[in-house]
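> Make a model of this:
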Amino acid sequence: MRNHAQADEAEEINMTPMLDIVFIMLIFFIVTAVFVKEAGVSVDKPIAVSAELKQQAAVLIAVTSADQVWVNRKKVEIKALRTVLERLLAENPRGTVVIQADREAKSGITMQVMEAARQAGAPNVALSADQS
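Numbers count the residues shown, from 1 in each chain. As a prediction, the model looks like this:
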């Protein structure tokens with residue numbers, strides 16, 4: 001009778017190591033996942049034949065047709081933009097700042113955004129356009 005009780009215990013499969021491995025893999029995939037960054041509003045970008053695809057955009061800035069500036073789904077005043085960009089670039093100092101300006105936006109606002117990005121220490125500043 002004692003052998004029968006020991007046989008039941010030996011047939012159980014210990015699931016703890018498998019669950020540990022699954023949780024470790026889950027954490028790994030969450031940490032290494034690439035998240036899509038959005039500026040917060042959609043803009044009607046101009047078309048450019050020479051447009052190039054850029055990888056690794058650290059900061060996306062949207063300039064709307066109403067001359068509003070959006071960063072990380074928040075409306076930002078042009079006066080506070082440099083401070084916001086300095087904070088974001090501190091997290092990723094090698095990242096590119098991409099400005100998505102609406103084709104109806106005033107060029108003066110777009111230039112102010114570019115100047116704020118350069119003053120904040122952005123190594124690369126690019127304008128976003130659609131390819132024709």
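> Please count neighbours and contacts with C-alpha atoms only from this point.
Noted.
> Mind jotting down where the helices sit in the chain?
Assignment of helices within the chain using DSSP state H yields the ranges 2-11, 16-32, 81-91, 107-119.
> For Val97, which of the ones you listed is the nearest?
Each of the helices of the chain has some distance to Val97 by C-alpha to C-alpha; the shortest is helix 107-119, at 7.2 Å.
> so what's Gln112 up against?
By C-alpha atoms under 8 Å, 6 or more residues apart in numbering, the contact set of Gln112 is Ile78.
> Next, the buried residues of stretch 78-97.
78, 81-82, 84-86, 88-89, 95-97 (16 or more other C-alpha atoms under 10 Å).
> make that stretch 64-79, sorry
Result for stretch 64-79 [16+ other C-alpha under 10 Å]: buried residues 64, 67-72, 75-76, 78.
> what's the farthest-apart pair in the residues you listed?
Asp67 and Asn72 (16.4 Å).
> Considering the buried residues of stretch 78-97, which is situated nearest to Gly108?
Nearest to Gly108 among these, with distances taken as C-alpha to C-alpha, is Ile78, at 11.4 Å.
> Quick check: the gap between the closest one and Asn72.
14 Å (C-alpha to C-alpha, to the nearest Å).
> swap in Leu85?
11 Å.
> how much space is there between Gln77 and Gln100?
Not quite, residue 77 is Glu, not Gln. 16 Å.
> no wait, Gln131
13 Å.
> Neighbour count: those two, which is higher?
Gln100 (25 against 13; other C-alpha atoms under 10 Å).
> Find the residues that touch each one of Leu85 and Asn72.
Val59.
> how far does stretch 83-93 sit from the chain's center?
13 Å (C-alpha atoms, centre = their mean, to the nearest Å).
> Contacts for that stretch next, please.
So stretch 83-93 is in contact with 58-59, 95, 116-117, 120-123, going by C-alpha under 8 Å, 6+ apart.
> Buried only: go through the residues you listed for me.
58-59, 95, 116-117, 120-122.
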